[in-house]
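Novice: Requesting a structural model of the entry that follows:
(one chain, ligands or ions: 2)
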Amino acid sequence: MKLYKIAKGILLEHNNSAYIIDDEWDSLINRDDLAGYLQLISADTTPISAEVKNEHLNGKILPPIGSQEVWAAGVTYLKSRDARMEESENSGGASLYDKVYDAPRPELFFKAIAQRVAGTGAEVYIRKDSEWNVPEPELTLFINSKGNIQGYTIGNDMSSRSIEGENALYLPQAKIYEKSAALGPCLLVATEPIAGESGIKMIIKRNGEVAYQDATTVSRMKRSLTELTGYLYSECDFPVGAFLMTGTCLVPPPTFTLQPGDVVEITIDGIGTLVNTIALNPKHK
Ligand code: DO4
Ligand code: MG
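Specialist: Numbers count the residues shown, from 1 in each chain. Ligands and ions are numbered 1, 2, ... in the order given. The predicted model follows:
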């Protein structure tokens, strides 16, 4: 079942029917056994028509986040390790990525507060002081305050490769700025863990033409989702839960950098497609 955060509240999609749920986002998604609760709610609520559902969703979907923090894991796929070793070769930082890929402790970093997160259909930004920028398509977990993975969404961990490549200590500046993260389109709430064979695909369009595309599967991730969650929750409390991006699985070739107007489409099987347009922050142009 899928939960959408919309301008007028919360929309639940379940078994080809849609329902408007009268609840508050943070307390709803943080509930224990969210899937069981949503099943009960759908049995007790009158569905809305397909027409009304489309009116609620068309161009009006908000990111599926309330007041949670967004964290991110890094170097969880070979592609990410290799790309980072290449971009940091001149700074002498390449071995950091090699080591963290094999170490028991994963790389985890703070990514965003909700204010900096875009939803599907909205703009994400590239930094004006960065000449090499990429989107990072990432399976993203919603973990409740008890540390249970309750749902999945699609994340885009926008990154400056030039800033991170110059010096690994610049990572927070490469990763954290206005609209440097996108989440959406919905929260997939499932009782079973997401299947390893679930596909992740990214297409980047420039002037309507495909400038880059590639795909892989969740099973290529080196670490397990519970391992990442365990490290994140080991010394931090998240009273309304947290989102955790699980690392990028696709990296465009080194010759590629994003430009304003590019459209990034990230699809994960069973969840949907997150679509964002690249822009410069009008306040900082
Ligand atoms: O090590 C830097 C960041 C890695 C990252 O964001 C990723 O692998 O997705
Ligand atoms: Mg990333």
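Novice: which ones are touching the closest residue to ligand 2 within the chain?
Specialist: Ranked by C-beta to the ion, the top residue of the chain for proximity to ligand 2 is Asp157, at 3.5 Å. Every C-beta, even on glycine, is put in place using the N, C-alpha and C of the backbone. Asp157 makes contact with 72, 111, 135-136, 138, 175, 180-181, 245, 248, according to C-beta atoms under 8 Å, 6 or more residues apart in numbering.
Novice: Select from these the one having the most neighbours.
Specialist: Glu138 (31 neighbours; other C-beta atoms under 10 Å).
Novice: State the distance from it to Leu274.
Specialist: 10 Å (C-beta to C-beta, to the nearest Å).
Novice: Just the contacts of Asp157: which are in helices?
Specialist: Those of the contacts of Asp157 mapping onto helices are Lys175, per DSSP state H.
Novice: for the residue in the chain that ligand 1 sits nearest to, phi and psi?
Specialist: Of the chain, the residue with the smallest distance to ligand 1, taken as C-beta to the nearest ligand atom, is Gly74 at 2.7 Å. With angles defined as degrees, to the nearest 10, Gly74 shows backbone torsions of phi -130, psi 160.
Novice: Kindly report the residues of the stretch 51-200 of the chain close to ligand 2.
Specialist: 136, 157 (C-beta under 5 Å from the ion).
Novice: Would you state the strands of the stretch 51-200 of the chain in chain order?
Specialist: 61-62, 69-74, 107-112, 117-118, 123-126, 133-134, 137-143, 149-157, 159-160, 181-189, 199-206 (DSSP state E, counting those that start in this stretch).
Novice: Show me which residues of the protein are close to ligand 1?
Specialist: Residues of the chain lying near ligand 1 by C-beta under 6 Å from any ligand atom: 72, 74-75, 80, 84, 107, 136, 157, 171, 247-248.
Novice: now do 8 Å
Specialist: 72-77, 80-81, 84, 96-97, 100, 107, 109, 136, 138, 157, 159, 164, 168, 171, 174-175, 245, 247-248 (C-beta under 8 Å from any ligand atom).
Novice: Quick one, which of these are buried?
Specialist: 72-77, 80-81, 84, 96-97, 100, 107, 136, 138, 157, 159, 164, 168, 171, 174-175, 245, 247-248 (16 or more other C-beta atoms under 10 Å).
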